[in-house]
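*Asks:* Provided below are the primary sequence and the corresponding predicted coordinates.
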Amino acid sequence: MSKIKIAELFYSIQGEGRYMGVPSVFLRTFGCNFKCAGFGMPRGELSKEVEDIAFTHQSMGYKKYEELPLVSTGCDSYASWHPNFKDLSPMLTSDAIADRIAEIIPFGEWRDEHLVITGGEPLLGWQRAYPDLLDHPKMKGLKEITFETNGTQTLQNKFIDYLLDWGDRPGNEITFSVSAKLSASGEVWEEAIRPEIVRMYQDYGFTYLKFVVETEEHFKEVDRAVAQYRAVGFNGPVYVMPQGGVVTPYAANRVKVADWAMTKGYNYSPRLHVDLWGNGWGK
């Protein structure tokens, strides 16, 4: 039986992108190949917020995700990849995950809810485990899966075969929501912008790009990145959304980002969970 290290598993509504507002189960896996410490920081600087919280956890010890502070700079889902927080993410069997999902969805079985597999980076190390979970008897009725990925991980051959089979079942649909990282993330462009990989995704599911932006300079980078994706045959839609994992920076950015999106012809995505709940773990 397969096991997956789970950072969070909760029921909410999708706050971003194509399926914004749709009731969804979020399966957040542990582990990522990026830190994204540049978000919210002056150009060229990296946030130390996450490292400060990680040090506090080592010395004091948070007991659960809900106790962890939110951050205004750096990665807002830091506990799903930072090694200091791996003790808060249990390794669960597919049985345990399916049982928990049946407990949290409204009717105890899949109806119109979507499954969002996110992270961290959900395609980093768990591709081999997903078929066992998705074929579990308690997952019967699931029709929509979104992989929220940074777009840098190649799909494994066995997983490709499974996606083709699952996607061919009547009514099933697979989506790849690619949150590609611009230089504001603090990551190296050539490592973060991988057009050939994203082009591969659209052979196996509906694929779109989603960029976090704050300044006009960021929009210039979006243009540059989109041109690279288009050059290899990517033909999906492009969304932009304001930087800010917590209310204050998000509220300050959203109007100007929406205005710029209209002038560029990109789709605007709010962070609906921030609008509704001010963000937080399990939201």
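*Replies:* Good, I have the coordinates. Numbering: from 1, shown residues only.
*Asks:* can I have whichever strand in the chain runs longest written out in PDB, keeping just the CAs?
*Replies:* In the chain, with assignment by DSSP state E, the single longest strand is strand 3-13. Output in PDB follows, covering the C-alpha atoms of strand 3-13 (Å, rounded to 0.1, in the frame of the first residue of the first chain):
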ATOM      1  CA  LYS A   3       2.200   6.100   1.500                       C
ATOM      2  CA  ILE A   4       2.300   9.900   1.100                       C
ATOM      3  CA  LYS A   5       3.800  12.400   3.500                       C
ATOM      4  CA  ILE A   6       0.900  14.900   4.000                       C
ATOM      5  CA  ALA A   7       1.400  18.400   5.200                       C
ATOM      6  CA  GLU A   8      -2.300  19.300   5.100                       C
ATOM      7  CA  LEU A   9      -5.600  17.700   4.200                       C
ATOM      8  CA  PHE A  10      -8.600  19.900   4.300                       C
ATOM      9  CA  TYR A  11     -11.900  20.800   2.600                       C
ATOM     10  CA  SER A  12     -12.400  24.400   1.400                       C
ATOM     11  CA  ILE A  13     -13.100  26.300  -1.800                       C
END
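*Asks:* so what strands line up beside it?
*Replies:* strand 23-29 (antiparallel), strand 91-93 (antiparallel) (DSSP bridges).
*Asks:* can I get these in TSV with mean pLDDT and mean neighbour count?
*Replies:* C-betas here are computed from N, CA, C, even on glycine. TSV is the format used below for the strands paired with strand 3-13 (pLDDT from 0 to 100; neighbours: other CB atoms under 10 Å):
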stretch	mean pLDDT	mean neighbour count
strand 23-29	97	22
strand 91-93	98	15
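*Asks:* looking at these, which is closest to F10?
*Replies:* For the strands paired with strand 3-13, proximity to F10 was assessed by CB to CB; strand 23-29 is nearest, at 5.5 Å.
*Asks:* and the strands paired with strand 3-13: which comes nearest T154?
*Replies:* strand 23-29 (16.9 Å).
*Asks:* name the surrounding residues that touch that closest one.
*Replies:* By CB atoms under 8 Å, 6 or more residues apart in numbering, the residues outside strand 23-29 that reach it are 4-14, 77, 80, 97, 101, 104-106, 112-122, 124, 126, 146.
*Asks:* so which of the strands paired with strand 3-13 is nearest E214?
*Replies:* Taking the strands paired with strand 3-13 one by one with CB to CB, strand 23-29 is closest: 24.2 Å.
*Asks:* what's the first helix or strand after that closest one?
*Replies:* Remark: after strand 23-29, the chain's next helix or strand is helix 49-59, criterion DSSP states H and E.
*Asks:* restrict that next one to CA atoms and write it as PDB.
*Replies:* Output in PDB follows, covering the C-alpha atoms of helix 49-59 (Å, rounded to 0.1, in the frame of the first residue of the first chain):
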ATOM      1  CA  GLU A  49      11.000  35.000   8.200                       C
ATOM      2  CA  VAL A  50      10.800  31.300   7.500                       C
ATOM      3  CA  GLU A  51      14.200  30.600   8.900                       C
ATOM      4  CA  ASP A  52      13.300  32.500  12.100                       C
ATOM      5  CA  ILE A  53      10.100  30.500  12.500                       C
ATOM      6  CA  ALA A  54      12.100  27.300  11.800                       C
ATOM      7  CA  PHE A  55      14.600  28.200  14.600                       C
ATOM      8  CA  THR A  56      11.700  28.900  17.000                       C
ATOM      9  CA  HIS A  57      10.200  25.500  16.200                       C
ATOM     10  CA  GLN A  58      13.500  23.800  16.900                       C
ATOM     11  CA  SER A  59      13.800  25.400  20.300                       C
END
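*Asks:* buried residues of stretch 36-44, list them for me.
*Replies:* 36-41 (16 or more other CB atoms under 10 Å).
*Asks:* kindly report the same for stretch 79-97.
*Replies:* Under the neighbour-count criterion of 16+ other CB under 10 Å, stretch 79-97 has 79-82, 84-86, 88-89, 92-97 buried.
*Asks:* looking at those, which are in helices?
*Replies:* Counting by DSSP state H, those place 94-97 in helices.
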